[in-house]
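Engineer: what follows is a predicted structure for the sequence shown.
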Amino acid sequence: NELTFPGQCLGSCRDFRAASGTYLYLGKIFASQKGQVKRVIADDGAEELSVCPAAVPKDEAMSDSDAATTTEDELVPRVGDIVFGRITKVEERSARVDILSIGDAPLKQAHFTGMIFKENVRRYDRDNLQMHKCFIPNDVV
């Protein structure tokens, strides 16, 4: 098990299948979070790559009562979270987003950056999609 960081390439989709904590981009599998890389054989025999968040020592783990008092410095977006962000740069195949809030908790400073890839904007006619017609800098998404 190796430690990986968001955006790090883990392998090709020809060799592995992407699982939790990863995403596909241009035929490669990338980590979407910091953690340990796990290789698992699925029921159908395919080898899956996933990233499990790095373990937190028991004395540092947050209890349910601590979650209500989470400070901004402790907020980290996770896969599946609803976030709001501001578009900062639009390129031919992607748009860069500064995350402004995670759920209902606004961030005072943009600590996190996300990407919206052309392949994720819509399900149809992706080849003719023009990112600059979908997003412009300062759009809130």
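Structural biologist: Arrived safely. Numbers count the residues shown, from 1 in each chain.
Engineer: hey, let's count contacts and neighbours off CA atoms from now on
Structural biologist: OK.
Engineer: A strand includes residue 7, no?
Structural biologist: No: assignment of residue 7 by DSSP: H, G, I helix; E, B strand; the rest coil gives coil, placing it outside any strand.
Engineer: let me see the ranges of the helices in the protein.
Structural biologist: For the chain, helices defined by DSSP state H occupy the ranges 64-67, 131-134.
Engineer: hey, least reliable of those helices by pLDDT?
Structural biologist: Set side by side, these give their lowest mean pLDDT on helix 64-67, at a mean of 41.
Engineer: let me know the pLDDT of the most centrally placed residue in the chain.
Structural biologist: The centroid of the chain falls nearest to residue 32 when counting by C-alpha atoms, centre = their mean (4.1 Å). At residue 32, the predicted lDDT confidence score is 81.
Engineer: can you pull the contacts of it?
Structural biologist: Contacts for residue 32 (C-alpha atoms under 8 Å, 6 or more residues apart in numbering) come out as 5, 6, 7, 21, 22, 23, 51, 79.
Engineer: and which of the residues you listed is nearest residue 134?
Structural biologist: The closest of the contacts of residue 32 to residue 134 turns out to be residue 23 (C-alpha to C-alpha; 21.8 Å).
Engineer: drop anything exposed from the contacts of residue 32.
Structural biologist: In the contacts of residue 32, burial by neighbour count holds for 5, 21, 22, 23, 51, counting by 16 or more other C-alpha atoms under 10 Å.
Engineer: how about the strands in the chain?
Structural biologist: Under the criterion DSSP state E, the chain contains strands at 3-4, 9-12, 17-18, 22-25, 28-31, 35-41, 47-53, 83-90, 94-102, 105-106, 113-117.
Engineer: most tightly packed of those strands?
Structural biologist: strand 28-31 (a mean of 24; mean count of other C-alpha atoms under 10 Å).
Engineer: one step back: which of the buried ones among the contacts of residue 32 lies closest to residue 93?
Structural biologist: Of those, the one sitting nearest to residue 93 (C-alpha to C-alpha) turns out to be residue 23, at 15.6 Å.
Engineer: that'll do, ta.
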